[in-house]
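Colleague: build me a model:
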Amino acid sequence: QVQLVESGGGLVQPGGSLRLSCAASGFSLDGRAIGWFRQAPGKEREQVACISSSDSKTYSLESVKGRFTISRDNVKNTVFLRMNNLKPEDTAVYYCATKSRCGDGFVYGSWGQGTQVTVSS
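Modeller: Model (predicted):
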């Protein structure tokens, strides 16, 4: 079965850290562009970061630059999103998805169930 499964979310205090995982099954993430997205209650889904087929990294939101890091482990067939110094405004459901390319590329394939990140004291 071809799918992406997100995990690693949870409840964390402001200033805390989490590492989200995006694990693929049924296909290889190697050489694919993968994006991390988030959707907060009442808001549209937005892209947070993307890692290209050649492992170039882009961060789509100014608010996460310097705090979030996207990376890939081809052995584990997983893409990670390390999130440091978390803020309440980072609270959202986080999703990963395959993209045709980072930047203006389109998302293809199915969305996973996402993983909830809640930043609160």
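Colleague: the residue nearest to Ile34 when sequence neighbours are not counted pairs with what?
Modeller: With sequence-adjacent residues excluded and distances taken as Cβ to Cβ, 6 or more residues apart in numbering, Ile34 is closest to Val79, at 4.6 Å. From N, CA and C alone the C-beta is placed, and that goes for glycine too. Taking DSSP bridges, one finds Cys22, Arg72 as the beta-bridge partners of Val79.
Colleague: per-residue confidence for Val79?
Modeller: At Val79, the predicted lDDT confidence score is 97.
Colleague: burial of it, as a residue count?
Modeller: 27 (other Cβ atoms under 10 Å).
Colleague: repeat that for the one 3 residues further on.
Modeller: Using other Cβ under 10 Å, the number of residues around Arg82 comes to 14.
Colleague: give me every residue that touches it.
Modeller: 17-20, 68-71 (Cβ atoms under 8 Å, 6 or more residues apart in numbering).
Colleague: for this protein, where's the lowest mean pLDDT among helices and strands?
Modeller: strand 107-108 (a mean of 91; mean pLDDT, DSSP states H and E).
Colleague: for that strand, name the packing helices and strands.
Modeller: For strand 107-108, the packing partners by 3 or more Cβ pairs under 8 Å, 6 or more residues apart in numbering; DSSP states H and E come out as strand 92-99.
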